[in-house]
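> 3D model of this:
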Amino acid sequence: GQFLDQELNENRRNIKLLAASLRDILGVEYISLVNSGSSANLAAAIAVRQLMPKRNKVLLAGFSFPTTISSFALQGFEVELVDVEKLHFNMSTEALARHMSEEVACVCVTHFLGFPADLQGVKQLCEQYGALLVQDACETMDLRINDQLIYEFGDIITHSFYHPHHLSSYGGGAVVVPDPETHRLIESIIHWGRRCSCHYDKENCTAPEGINHNFWYERLGVNVEMSELNACFGRFQLQTWEQQEATRNKYYNLVYDALKEVEGIRIFKNEYNISPFVFPIIVAAELKEQMTQEIMEGGVEVRSIMGGAIHKHPAYTHLYHEGLVNTEEVGKCSFFMGIHQTLQEKQVREAAEIVRSTMERLTTKRLTVNDETIDA
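Model (predicted):
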């Protein structure tokens with residue numbers, strides 16, 4: 001409260017200061033703040049439509065957030081779903097290659113739960129076919145692959161500052177792009193489609209002078225800029241952001257160590273600086289319902305990942321795909337438990353012990369999927 005009283009004063013001051021701080025932290029130059037991760041994806045979809053007007057196909061992974069798909073569908077794109085890697089969550093480049101054509105406007109990868117997609121493989125295919133690469137990075141921040149920032153792979157990257165995610169502004173998001181021209185496009189899209197850039201670049205504003213200067217519209221756009229209040233919350237959270245990241249990593253590794261000796265399950269090492277905000281677990285499909293029920297009866301809340309494969313949900317059954325075998329299997333076999341930094345370490349340890357003891361009692365010695373034994 002004291003921070004808000006002190007910092008909420010000049011118009012757009014917090015928006016400018018938060019954007020400047022994020023540019024420094026993320027190592028980027030061009031960032032636009034919006035009111036949610038979903039709005040960030042919507043702005044990205046509108047930009048792709050305007051940058052690639054003659055192409056009408058967009059490719060997304062079988063595990064994608066609903067509003068990521070909806071953002072492109074609402075722009076009139078034909079959305080196709082691409083299968084994920086085996087017993088993992090991210091788009092398979094082998095499957096992607098089968099979908100690529102000159103009709104593809106962009107490939108939108110999701111760094112699902114913070115685990116990085118194969119950006120090198122996807123980028124190579126995008127360059128081969130002249131498609132844009134959009135990254136839904138809403139579940140991660142400051143992600144690097146072999147010490148290379150994800151922003152170096154272009155073309156449009158979106159973030160979410162929803163409370164459970166890495167940086168909380170209690171509602172908010174961002175769009176990161178690599179060049180000033182695309183930045184100007186994004187800023188126009190999120191400010192009603194107007195030409196005026198005085199709010200961030202007054203010297204180079206090209207809107208006509210006169211009474212309509214601030215309201216001269218050159219494209220279709222929306223009004224989704226982050227509010228001053230949310231930007232102020234974001235600045236407050238940034239004061240302890242590194243500590244929060246460290247706590248999430250600590251909790252993830254704590255749960256990993258508690259479960260790594262359990263046979264018949266698959267869990268994932270935190271091999272990147274991803275600090276996942278949940279802990280995913282894969283078990284045999286026939287055990288999932290009983291296992292999750294008993295874990296919750298033990299006092300630990302768990303949830304399915306995305307409610308299973310997205311094409312099984314009524315709103316998305318019409319989407320084209322060439323078979324999503326891996327996506328469906330992961331949907332049947334996976335769930336997650338929370339490791340958010342607002343939990344106490346004691347709570348995380350107790351939850352991990354409940355999950356471990358339940359799984360040890362119920363799991364078989366080997367994890368079997370589609371009659372195939374998997375090395376867990």
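
> separation between Glu10 and Ala231?
Here Glu10 is placed at a distance of 12 Å from Ala231 (CB to CB, to the nearest Å). To be clear about C-beta, it is placed using only N, CA and C from the backbone, and glycine gets the same treatment.

> ok, Ser71 next?
22 Å.

> ok so, going back, Glu10 and Ala231: who's more crowded?
Ala231 (25 against 9; other CB atoms under 10 Å).

> spit out the contact partners of that one.
Asn14, Ile15, Leu17, Leu18, Leu33, Ser169, Gly172 (CB atoms under 8 Å, 6 or more residues apart in numbering).

> Pro280 now?
Contacts of Pro280 were listed using CB under 8 Å, 6+ apart, and they are Phe89, Leu113, Ile267, Phe268, Ile305, Ser334, Phe335, Phe336.

> stretch 276-289 - what's its average pLDDT?
Stretch 276-289 carries an average pLDDT of 90.

> list the buried residues of that stretch.
Of all the residues in stretch 276-289, those buried under the rule 16 or more other CB atoms under 10 Å are Pro276, Phe277, Val278, Phe279, Pro280, Ile281, Ile282, Val283, Ala284, Ala285, Leu287, Lys288.

> which of the residues in stretch 208-225 are buried?
Buried, per 16+ other CB under 10 Å, within stretch 208-225: Gly221, Val224, Glu225.

> could I get the contacting residues of the second one?
Going by CB under 8 Å, 6+ apart, Val224 touches Val34, Asn35, Ser36, Ser39, Leu42, Ala43, Ile190.

> state the pair within those residues that is farthest apart.
Across the contacts of Val224, the longest distance by CB to CB is 11.4 Å; it joins Ser36 and Ile190.

> the two: who's more crowded?
Ile190 (25 against 20).

> so where is the stretch 101-250 of the chain shaky, pLDDT-wise?
Within the stretch 101-250 of the chain, no range satisfies pLDDT under 70.

> all helices of it, in order?
119-129, 180-190, 228-238, 241-259 (DSSP state H, counting those that start in this stretch).

> tell me which of those sits nearest to Thr342.
Nearest of the helices of the stretch 101-250 of the chain (CB to CB): helix 241-259, 8.7 Å.

> picking up where we left off before, so for Leu362, which of the helices of the stretch 101-250 of the chain sits nearest?
Among the helices of the stretch 101-250 of the chain, the nearest to Leu362 by CB to CB is helix 241-259 (13.3 Å).

> can you list the contacts of Ala231 in JSON lines and add distance to Gly121, neighbour count and secondary structure?
Output for these, formatted as JSON lines (distance: CB to CB, whole Å; neighbours: other CB atoms under 10 Å; DSSP: H, G, I helix; E, B strand; the rest coil):
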{"residue": "Asn14", "distance to Gly121": "39", "neighbour count": "26", "secondary structure": "helix"}
{"residue": "Ile15", "distance to Gly121": "36", "neighbour count": "23", "secondary structure": "helix"}
{"residue": "Leu17", "distance to Gly121": "38", "neighbour count": "16", "secondary structure": "helix"}
{"residue": "Leu18", "distance to Gly121": "33", "neighbour count": "28", "secondary structure": "helix"}
{"residue": "Leu33", "distance to Gly121": "31", "neighbour count": "27", "secondary structure": "strand"}
{"residue": "Ser169", "distance to Gly121": "33", "neighbour count": "29", "secondary structure": "coil"}
{"residue": "Gly172", "distance to Gly121": "31", "neighbour count": "30", "secondary structure": "coil"}
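
> of all these, which comes closest to Gly62?
Closest to Gly62 out of those is Gly172 (27.6 Å), distances taken as CB to CB.

> and that closest one, what does it touch?
Gly172 neighbours (CB under 8 Å, 6+ apart): Leu33, Val34, Asn35, Ser36, Ser160, Phe161, Tyr162, Met226, Asn230, Ala231, Phe233, Gly234.

> if we can go back for a sec, nearest to Val262 among the buried residues of stretch 208-225?
Val224 (44.0 Å).

> show me where the stretch 1-150 of the chain has strands.
Using DSSP state E, counting those that start in this stretch, the strands of the stretch 1-150 of the chain run over residues 30-34, 57-61, 78-82, 104-110, 132-136, 144-145, 148-149.

> with distance to Asp24 added, can I get the ones you listed in TSV?
Formatted as TSV, the strands of the stretch 1-150 of the chain follow (distance: least, CB to CB, whole Å):
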stretch	distance to Asp24
strand 30-34	10
strand 57-61	31
strand 78-82	35
strand 104-110	26
strand 132-136	20
strand 144-145	16
strand 148-149	13
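
> quick one: closest of the ones you listed to Ala246.
So among the strands of the stretch 1-150 of the chain, strand 144-145 is nearest, using CB to CB, at 16.0 Å.

> perfect, that will be all.
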